[in-house]
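Enquirer: Sequence and predicted structure, then a few things I'm wondering about:
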Amino acid sequence: NILRERAMEHVAGYTCGNDVSARDWQKGKPGKQWLLGKSFDTFAPCGPALVTADEVPDPGKLGIRLRLNGQTMQDSSRFLFPVDFLIAYISTVCTLLPGDLIYTGTPSGVGMARRPPVFLKPGDRVEVEIDGIGVLTNSVSSD
């Protein structure tokens, strides 16, 4: 129950995160299983660094890009919900503790929504870049 007015006092910093989803798994389950389809081992990588909150005056204005094999698939600086709102809202549902991560959402351009759809496959290289924070690079593996 963190007050929105005090929410930013609870932010240590910012990093890049890749909100990986097993769409094939999600589609085949009752209720689509959005939560569990994002919960496999190795999903939700983050990094490469933590930039302290005082170094990011307005996180809602940071550009976010995702590149797949060098091609930009997502590019946005638009947040649907401000960070302070997200913290206040989430804290009404669960207890937030030091070290918890909040992934703030996904810019438009996800592979499943493309025509034709684009899905990750072994050998793909995924880069998530956030202005002033860095680039998180991961390779897709079937292992």
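Expert: Okay, I see it.

Enquirer: Can you show me the CA trace of the lowest-mean-pLDDT helix or strand in the chain as CSV?
Expert: None of the helices or strands of the chain scores lower by mean pLDDT, DSSP states H and E than helix 23-27, at a mean of 74. Output in CSV follows, covering the C-alpha atoms of helix 23-27 (Å, rounded to 0.1, in the frame of the first residue of the first chain):
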residue,chain,number,x,y,z
ARG,A,23,3.6,-17.8,-27.0
ASP,A,24,3.2,-21.4,-28.3
TRP,A,25,2.8,-22.6,-24.7
GLN,A,26,0.4,-19.7,-23.8
LYS,A,27,-1.9,-20.3,-26.7
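
Enquirer: following it, which helix or strand shows up next?
Expert: Sequence-wise, the next helix or strand downstream of helix 23-27 (DSSP states H and E) is strand 46-52.

Enquirer: neighbouring contacts of that next one?
Expert: By CB atoms under 8 Å, 6 or more residues apart in numbering, the surrounding residues in contact with strand 46-52 are 12-18, 101, 132-136. For glycine as for every other residue, the C-beta is placed from the backbone atoms N, C-alpha and C.

Enquirer: same deal with stretch 107-126?
Expert: By CB under 8 Å, 6+ apart, stretch 107-126 touches 18, 20-21, 23-24, 64, 66-70, 73-76, 78, 137-142.
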